[in-house]
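*Asks:* need a 3D model of the following:
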Amino acid sequence: IKIAGYKVEKLICYGTGPIGEMPDRFETIDQSRDRFKKEGLDEAANRIAKTWFVDGDKAKYFYLCSDSVKLTTLEATEAALLAMKTWNGVENSKNIKNKTLIIWGDQDKSYNRYQVETLKQNIKDSELIILEGCAHNAHLENPEKFNKIIFNFLS
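*Replies:* I've put the predicted structure just below:
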């Protein structure tokens, strides 16, 4: 893979999967869209951010996610959710030839195990590491382990 003249030697897939309309997500994309409109940006973003941590809004770094809503608009959120809803990269993932690390928190309510297993199966030179006791924001729930995994992969 080349991006802007630079060759990408290794790829890290974290907190993602090969499709946007994720099966078994805590709610469908359309439900999220409707709830953002009804609840407003702050309330809906806080509700969703709670699902990204095992300890919900009691998590040490929850505020990083809840505060990030101040950097966006309802219109941008709607556009992002619409883009997610229609995105499907399953076939494209089969074209990835780079050494790839896939990291997943075993309690992720956004991307289920099927999603990351599909990435693993389709990306030929990939490794899946599952962080136990972590949700969607494993990098914030167990930063020491997460960073060590990244460092070892890139070394």
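*Asks:* all helices for the protein, in order.
*Replies:* Using DSSP state H, the helices found in the chain span residues 29-39, 41-50, 62-68, 74-86, 90-93, 113-122, 138-141, 143-154.
*Asks:* most packed of these?
*Replies:* Compared across the helices of the chain, helix 138-141 shows the largest average neighbour count, a mean of 22 (mean count of other Cβ atoms under 10 Å). Quick note: C-beta positions are derived from backbone N, CA and C, even for glycine.
*Asks:* okay, now the unreliable bits of the protein?
*Replies:* Applying pLDDT under 70 to the chain picks out residues 1-3.
*Asks:* any idea which of the helices of the chain gets closest to residue 22?
*Replies:* helix 113-122 (6.2 Å; Cβ to Cβ).
*Asks:* now for the closest one, which elements pack on it?
*Replies:* helix 90-93, strand 99-105, strand 126-131 (3 or more Cβ pairs under 8 Å, 6 or more residues apart in numbering; DSSP states H and E).
*Asks:* for it, C-alpha coordinates in PDB please.
*Replies:* Output in PDB follows, covering the C-alpha atoms of helix 113-122 (Å, rounded to 0.1, in the frame of the first residue of the first chain):
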ATOM      1  CA  ARG A 113     -16.000 -11.200  17.400                       C
ATOM      2  CA  TYR A 114     -17.500 -12.100  14.000                       C
ATOM      3  CA  GLN A 115     -16.300  -8.800  12.600                       C
ATOM      4  CA  VAL A 116     -12.700  -9.200  13.700                       C
ATOM      5  CA  GLU A 117     -12.700 -12.800  12.700                       C
ATOM      6  CA  THR A 118     -13.800 -11.800   9.200                       C
ATOM      7  CA  LEU A 119     -10.900  -9.400   9.100                       C
ATOM      8  CA  LYS A 120      -8.500 -12.100  10.200                       C
ATOM      9  CA  GLN A 121      -9.800 -14.600   7.600                       C
ATOM     10  CA  ASN A 122      -9.700 -12.100   4.800                       C
END
